[in-house]
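Peer 1: only geometry, no sequence info:
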């Protein structure tokens, strides 16, 4: 949670609105996890937590590496799918949702696309002057949506393969809280 | 083979409405359209809309998803509204038209997502979507579909080599996305107030795809457990019984 707050501050200074959105969602999610683990001693033991943070660091670092255009769009939108999976993991662990692999994959891709939309709304709010002066044009937003969608589909195919190899059929609260996944 | 639920109104929806869209498409290709969109863009969009309008009636005709008229007609009119207003140049002449249609479309999509998730929830034992998760998923999936729509618009623009979507200011996509989220939020808020699982499942059953959904639900349950599980055989037997 602390790391995601630091990343949020860095991204806000850089006005990287895509990564800002992912960081903000992560802060809420990690906040819920921390609260639960204090009150009910429930710990979300899932690899997605670590991978999400790594992807957020990559997304944050990409402007510092001088990357621009499509490559930067792919790296900046990479956290979206992991944040989406983290949302689903928390919904399973703390709301009692149960899902199979197919529903998990479908939800992940749609949630990731929704996060890309929220990032666009954040851009609308934070960088309105750049939009007015046409530094940001419609094509930039569409490229980001496309990059987010492509990375989401690729990642979810890989995750689905891993889950298939591990013979995961149903993702339950118990599996996520006891480290079964 | 047609099912018993098929009526005259379904023929109108299946043949007349796509026909109207194809007429607008042809007129678009011939350059009779108004506003700033190119002829190709208007023509192809209206063809796409015509195809979209046929989906629900075709599913009904096959008996796979017998949607009630309260769902088919608003969805069809909504899709038509997009194509025809693009042809008439409403998006060019009225600044609020785009936002309004996006919110309306988003609300309809949210209702469809609501029904789809409800059908899964009501017909499966192993899959579970508690109320907060159900509502959150409806909201996020609807916003995700709105995102897919913007991607589709960009893709059509790229395919027909029109720069309509690419070179305009980013306000268009950003306000559309915001209105999608607003529309989804309205439906979710109404759903949160009115959702009672039993009544909702009864409503889903009334859509006449109960038999297929029951089999689908059991198949889904079967996929969730290992073949070594003793319950597996019971589910297989139940699927056979339901099919008969």
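Peer 2: Ah, there it is. From a predicted model like this one, the values you see are computed outputs, not experimental measurements. Numbering: from 1, shown residues only, chains lettered A, B, ... in the order given.

Peer 1: give the contact list for the residue nearest to residue B:35 when sequence neighbours are not counted.
Peer 2: Nearest residue to residue B:35 in three dimensions, chain neighbours excluded: residue B:89, at 2.5 Å (CB to CB, 6 or more residues apart in numbering or on different chains). No exception for glycine: its C-beta is placed from N, CA and C like everyone else's. If you count contacts by CB atoms under 8 Å, 6 or more residues apart in numbering or on different chains, residue B:89 has them with B:33, B:34, B:35, B:36, B:37.

Peer 1: are any of the residues you listed buried, and which?
Peer 2: For those, a burial check counting by 16 or more other CB atoms under 10 Å in any protein chain shown picks out B:33, B:37.

Peer 1: since we're on residue 157, how many residues are nearby?
Peer 2: Defaulting to chain A. 10 (other CB atoms under 10 Å in any protein chain shown).

Peer 1: right idea, wrong chain: chain B
Peer 2: Neighbours of residue B:157 (other CB under 10 Å): 21.

Peer 1: a markdown table for the contacts of residue B:89, including distance to residue A:19?
Peer 2: Converted to a markdown table, the contacts of residue B:89 look like this (distance: CB to CB, whole Å):
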| residue | distance to residue A:19 |
| --- | --- |
| B:33 | 41 |
| B:34 | 42 |
| B:35 | 37 |
| B:36 | 34 |
| B:37 | 34 |
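
Peer 1: Between the contacts of residue B:89, which sits nearest residue A:12?
Peer 2: Nearest to residue A:12 out of the contacts of residue B:89 is residue B:36 (CB to CB; 36.5 Å).

Peer 1: Tell me the spacing between the residue nearest to the closest one when sequence neighbours are not counted and chain A.
Peer 2: Excluding the flanking residues, the one nearest residue B:36 by CB to CB, 6+ apart is residue B:92, at 4.8 Å. From residue B:92 across to chain A, the span is 16 Å (CB to the nearest CB, to the nearest Å).

Peer 1: Next up, identify which helix or strand residue B:92 is on.
Peer 2: Residue B:92 belongs to helix B:90-93 when assigned by DSSP states H and E.

Peer 1: other SSEs contacting that helix?
Peer 2: The helices and strands touching helix B:90-93, judged by 3 or more CB pairs under 8 Å, 6 or more residues apart in numbering or on different chains; DSSP states H and E, are helix B:97-123.

Peer 1: and the helix it packs on, anywhere near chain A?
Peer 2: Yes. Contact between helix B:97-123 and chain A, assessed by CB under 8 Å from any CB of the partner chain, occurs at residue B:120.

Peer 1: tell me which residues of that helix are tucked away?
Peer 2: Those would be B:97-99, B:101-115, B:117-123, for helix B:97-123 by 16+ other CB under 10 Å.

Peer 1: cool, stretch B:233-244 as well?
Peer 2: Using 16+ other CB under 10 Å as the test for burial, stretch B:233-244 gives B:235, B:239.

Peer 1: now stretch B:70-86
Peer 2: Neighbour-count burial for stretch B:70-86 flags B:71-73, B:75-86 (criterion: 16+ other CB under 10 Å).

Peer 1: One more: stretch B:123-132?
Peer 2: For stretch B:123-132, the neighbour count (16+ other CB under 10 Å) marks B:123, B:124, B:126, B:127, B:128, B:129 as buried.

Peer 1: tell me the contacts of the closest residue to the third one other than its chain neighbours?
Peer 2: In this case it means residue B:126. Residue nearest to residue B:126 in three dimensions, not counting chain neighbours: residue B:224, with 3.9 Å by CB to CB, 6+ apart. Residues near residue B:224 by CB under 8 Å, 6+ apart: A:100, A:169, A:170, B:126, B:127.

Peer 1: Looks to me like the fourth one is in a strand.
Peer 2: Right, the one you point to is residue B:126. No. Assessed with DSSP: H, G, I helix; E, B strand; the rest coil, residue B:126 is coil; it does not lie in a strand.

Peer 1: Which elements pack onto the worst-scoring helix or strand of chain B on mean pLDDT?
Peer 2: For chain B, counting by mean pLDDT, DSSP states H and E, helix B:197-205 ranks last in confidence among helices and strands (a mean of 73). Applying 3+ CB pairs under 8 Å, 6+ apart, one finds that helix B:197-205 makes contact with helix B:97-123.
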